[in-house]
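*Asks:* coords please:
(3 chains)
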Amino acid sequence: MDQELMGKVMEEVMKRLSVAEEPKKKESPAPASCCEALSAAGVTEFVGTAMGDTIGLVIANLESRILEKFGWDPKYRSIGIISDRVGAGPQIMAADEAVKATNTEVVLLELPRDTKGGAGHGCLILLGAEDVSDARRAVEVALKDLERTFGDVYANDAGHLEFQYTARASYACNKAFGAPLGKAFGLIVGAPAGIGVVMTDAALKAAEVEMLFYSTPTNGNTYTNEVVMGVTGDSGAVRQSLIAAREVGLKLLGAFGEPPKSLTKPYI
Amino acid sequence: MDQELMGKVMEEVMKRLSVAEEPKKKESPAPASCCEALSAAGVTEFVGTAMGDTIGLVIANLESRILEKFGWDPKYRSIGIISDRVGAGPQIMAADEAVKATNTEVVLLELPRDTKGGAGHGCLILLGAEDVSDARRAVEVALKDLERTFGDVYANDAGHLEFQYTARASYACNKAFGAPLGKAFGLIVGAPAGIGVVMTDAALKAAEVEMLFYSTPTNGNTYTNEVVMGVTGDSGAVRQSLIAAREVGLKLLGAFGEPPKSLTKPYI
Amino acid sequence: MDQELMGKVMEEVMKRLSVAEEPKKKESPAPASCCEALSAAGVTEFVGTAMGDTIGLVIANLESRILEKFGWDPKYRSIGIISDRVGAGPQIMAADEAVKATNTEVVLLELPRDTKGGAGHGCLILLGAEDVSDARRAVEVALKDLERTFGDVYANDAGHLEFQYTARASYACNKAFGAPLGKAFGLIVGAPAGIGVVMTDAALKAAEVEMLFYSTPTNGNTYTNEVVMGVTGDSGAVRQSLIAAREVGLKLLGAFGEPPKSLTKPYI
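*Replies:* Numbers count the residues shown, from 1 in each chain, chains lettered A, B, ... in the order given. So this is what the prediction gives:
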C-alpha cells in the first residue's frame, strides 16, 4: 500500500520534474530520429534533425531574389541547409565530409553568437547544388556525421572545449578556416576564453604544427567567450597538438566543478 | 489519510517545483500590471512593464550631455523609453503605433543580442518629444499594444518565429526597416536561421511582394541566429506571403519537439 | 510510518530537484576555494577560480607565435590570465588593483557577449610580466579582490545593475575606460539598457562629474543589453553620482519582480 502510494507520488513528481529538467538538456540535446521528425514536419523541405539543435533542410529551387542577395553562382539553384543553435565546429567538419561525398559547394557560412546561453557559436551553412538530390544527400551525410564530430566536444556548466581533426581538409574547412585542401587540419576551441589561451599555448609547444589562425572574443570570433585556433601540418603532429590541448583543457575546465564530458564519444 | 499525506507531499513538491520551473518562463513572461509595478518602482520615470521583459520609462528633461551624445534634435528634451530583453519586432511595431498616435519621433533604435539565452534580439527604443506628456503617452500606447504584436510570435525550446503586419507603416517601421510610409509592411523572422531561409523562400513564392531587406546572422543582424526579411506591396499580398511563411515555419520548428505556441493570440 | 514514507519521498524528490534547480545559480555562482580547485586542476597554469565564473591562470613563457599574434612587447613572456563568463566591470576593477600591486601590465582586454544568458559581458584580461611570479601574484590579487568588486553588482531575473568606484584609477581602468591615471573614477551599468538611460541621466544631474564615455548596445558595447557610462571628477562627486544612479536603478529593476540583490556586500 505504501509502496503503491509512493509509486503514485513519484510518478507525478517525476512527470513534473521532467519538465523542470528540460533546460539542463540545452547543451547536449539527444539526437532525434530523422524519420520521426519528418512525419512531424510534413514538408518537402525538411531533411532531419540532429544533436546540437541542428536542423537539416533543402530547397529545390531557391527564389531568385534570395539567390541574388547572397550573390553566389546562379547555377546553384538547389540548396542544402545545415542550421543549428549549439556549435559551429562539429557542423562545419560534418559539412566538410558532406562536400567531399557529394557534388555540392559551401556557398554561405555564418556564425551567430548562440549556444543557447552557452559561451559559443551556432552555425548556418548553405550548400549549393545543381541538383536537389545532391543537396539532400549532402545534408543527410552531414547530419549523420554529427554523432562523430561532437565526439571531442566537452562541456560542463562553466564552459566547453572542442577538438576537431581531419586528415584531409576539404572545401568547408577551407572556406571556414583557410585550411589547405587535402592537408591535415586541427581545430582547438576553449571557453571561457582564458582556458583557450592555455590550451593553444600547450598545443603549439607539443608538436611542430603551423598556426593557421588564432581568434579571440572580439578579434575573429563573433563575440563568443572563446579562443579558437586552427593548425595544419603533418597529420601525426596535428593530432599530437590536439591531444596536448585536450589534456590541459579538461583539467582546467574541470576546476570549475563537474568534470567536462564528451557529448558523444571521443575520436581523436 | 493517504490522500492527506499525498496532498502534503505534493504541496511541498509543487512549491519547490515552481521555483525550479522559473527559467522556463523566460521566453514568454506574463504581462505585468502597470499599476502594481508603478507602486513597486515609486519613481517618476517609471511608466510600466509588459511582456517580453519590456520596461517603459520616461525622462522629462534629458541631461544635455546625453542628448549631445546621441546627437538628435535638441528640441526633443523629453524622451520615452521602451527597453526589453526578449524581442525587437513586437516592440518596434508597437512603437510604430505609438508614433502614429502621439506627437513623438523615434530618435534611437538599437538591437542588442539578447532574448535571455534565446536566439534573437532585445531592443532599445527612444522616442523624442517636446512635451513629457507626449512621451509618456507614447510609451503607454506601445506597452499596451505589445499584447497584440506578440500575437504572431511563436516559440519553443529550439527557436522562434515571428510575423508582423501593418496596413500602413509609420515612422518606427520606416526607421528600423526602411518600410515606405503609409504602405503595407510585413516582417518575417525565423530562428534558427535555416528555418528563416525556408520561410522567406516560401513567402516570396507565395505572393507578389517586394523584398525590402534580407538579413542573416552576421549580415544585418547583430549576431542573432535568425534570418529576417521585410516585405512591402499590396496589403493582401503582404498578408498572403506572411501566412505562407508561417505555415511552413510552424511545421519546421515543430520538428524539433513541442509544437511552437503563440505567445498571446495570432492576429494575421 | 507515514513520516518515514514522506521523508523517503521528499529525499528522493529533493535530490532530483537539486539537479533541476542548478540553472538558477548561473548569475551568482558561489566563490570557489582556490586550494580545492587547484588540486582538482593539477596543472601548473592553474591559479584559482572565483565568483562570476572567473578562472585565474598563468603561463610562464608564452609561445612566441601567440605573443606575436597579440602584438605586445616581447619582454612580457609571462602572462597572467583573468577570464570569466559573468561580468566585466568587477574583473577590470580587480585587475586595476592587481596592476597597482604588482609589476605587471594589461596587455589585452576583450569583452565577449556573455553572462550565461544574461544581458551583459564576460571578460578576458591578459596581464604581461617579465617574471612569472609577478604574473601569478597579480592573478591572485585580482581573484581575491572580486569579492569586493562584485559588491555593488545587483541582479534579478530581468537584468542587472553595476557600480564601480576607485579613488585612484590605475592602468586597467585607463586601458578599458580611458580613466585618467590617479584620479577618481566611477562606472555605471544598467541592463536592460533603458534602465541604464535613466540611471546615467540621474547620475549626471546629481553631481558635478565629467562623462568619460557613454556606450549603448551597438555603440560601444559588444551587443549587450546595457547602457554603460564612465565618470571622473572630484572623488566625492563621483561617489554621489553613483549613489544617485543606484537609488533609481534598484527601484526600476525591482519593478520587474524580485528586488535585485547585491552579489556580495555593497561598498560604495
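*Asks:* Okay, and residue A:154 sits in which element?
*Replies:* In this structure, residue A:154 sits in strand A:153-156 according to DSSP states H and E.
*Asks:* what comes up buried for that strand?
*Replies:* Under the neighbour-count criterion of 16 or more other Cβ atoms under 10 Å in any protein chain shown, strand A:153-156 has A:153, A:154, A:155, A:156 buried. Glycine gets a C-beta too; all of them are placed from N, C-alpha and C.
*Asks:* Please apply the same query to stretch A:238-248.
*Replies:* Across stretch A:238-248, burial judged by 16+ other Cβ under 10 Å covers A:238, A:239, A:240, A:241, A:242, A:243, A:244, A:245, A:246, A:248.
*Asks:* Next one: the third one, what pLDDT does it get?
*Replies:* The model reports residue A:240 with a pLDDT of 98.
*Asks:* got the contact list for it?
*Replies:* With contact taken as Cβ atoms under 8 Å, 6 or more residues apart in numbering or on different chains, residue A:240 is in contact with A:206, A:207.
*Asks:* what about the residue in the stretch 1-150 of chain A that chain B sits nearest to, how many neighbours?
*Replies:* Residue of the stretch 1-150 of chain A nearest chain B, by Cβ to the nearest Cβ: residue A:83 (2.4 Å). Close neighbours of residue A:83, defined as other Cβ atoms under 10 Å in any protein chain shown, add up to 31.
*Asks:* In JSON lines: the buried residues of strand A:153-156, plus pLDDT.
*Replies:* What follows is the buried residues of strand A:153-156, written out as JSON lines (pLDDT from 0 to 100):
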{"residue": "A:153", "pLDDT": "97"}
{"residue": "A:154", "pLDDT": "97"}
{"residue": "A:155", "pLDDT": "96"}
{"residue": "A:156", "pLDDT": "96"}
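*Asks:* Chain B next: which of these are close?
*Replies:* Applying Cβ under 8 Å from any Cβ of the partner chain, the subset of the buried residues of strand A:153-156 adjacent to chain B is empty.
*Asks:* Relative to chain C, which of those residues is nearest.
*Replies:* Closest to chain C, out of all of the buried residues of strand A:153-156 and judged by Cβ to the nearest Cβ, is residue A:156, at 10.8 Å.
*Asks:* Do I have it right that that closest one meets residue A:255?
*Replies:* No. Counting by Cβ atoms under 8 Å, residue A:156 stays clear of residue A:255, with 10.3 Å between them.
*Asks:* Just want the most central residue of chain A.
*Replies:* Geometric centre of chain A, nearest residue: residue A:90, 2.7 Å, by Cα atoms, centre = their mean.
*Asks:* List the buried residues of the helix or strand containing it.
*Replies:* Residue A:90 is part of helix A:89-101, with elements assigned from DSSP H and E. Buried positions in helix A:89-101, judged by neighbour count with 16+ other Cβ under 10 Å: A:89, A:90, A:91, A:92, A:93, A:94, A:95, A:96, A:97, A:98, A:99, A:100.
*Asks:* likewise stretch A:217-228?
*Replies:* Of the residues in stretch A:217-228, those buried (16+ other Cβ under 10 Å) are A:217, A:218, A:221, A:222, A:223, A:224, A:225, A:226, A:227, A:228.
*Asks:* Would you report the backbone torsion angles of whichever residue of the stretch 101-250 of chain A sits closest to chain C?
*Replies:* Nearest residue of the stretch 101-250 of chain A to chain C: residue A:194, at 2.4 Å (Cβ to the nearest Cβ). Per-residue torsions, residue A:194: phi -60, psi -40 (degrees, to the nearest 10).
*Asks:* Whatever helix or strand comes next after the strand holding residue A:154 near chain B at all?
*Replies:* Sequence-wise, the next helix or strand downstream of strand A:153-156 (DSSP H and E) is strand A:159-166. No. Using Cβ under 8 Å from any Cβ, strand A:159-166 never reaches chain B; the gap is at least 15.0 Å.
*Asks:* can you give me the angle strand A:159-166 makes with helix A:89-101?
*Replies:* Interaxial angle, strand A:159-166 versus helix A:89-101 (axes from the mean of the first three to the mean of the last three Cα atoms, to 10 degrees): 20 degrees.
*Asks:* Which strands or helices does strand A:159-166 pack on?
*Replies:* Strand A:159-166 sits against helix A:89-101, strand A:153-156, strand A:184-191, helix A:193-206, helix A:235-254, with contacts defined as 3 or more Cβ pairs under 8 Å, 6 or more residues apart in numbering or on different chains; DSSP states H and E.
*Asks:* Would you mark the buried spots in the next helix or strand after that strand?
*Replies:* The helix or strand immediately downstream of strand A:159-166 is helix A:171-177, counting by DSSP H and E. Buried residues in helix A:171-177, defined by neighbour count with 16+ other Cβ under 10 Å: A:171, A:172, A:173, A:174, A:175, A:176, A:177.
*Asks:* which of these are close to chain C?
*Replies:* Counting by Cβ under 8 Å from any Cβ, no member of those is near chain C.
*Asks:* With pLDDT and distance to residue C:77 as new columns, can those be given to me in CSV?
*Replies:* As requested, the buried residues of helix A:171-177 are exported to CSV (pLDDT from 0 to 100; distance: Cβ to Cβ, whole Å):
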residue, pLDDT, distance to residue C:77
A:171, 96, 39
A:172, 96, 36
A:173, 97, 32
A:174, 96, 34
A:175, 94, 35
A:176, 95, 32
A:177, 97, 28
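*Asks:* what secondary structure does residue A:137 sit in?
*Replies:* State at residue A:137, reduced to three classes by DSSP: H, G, I helix; E, B strand; the rest coil: helix.
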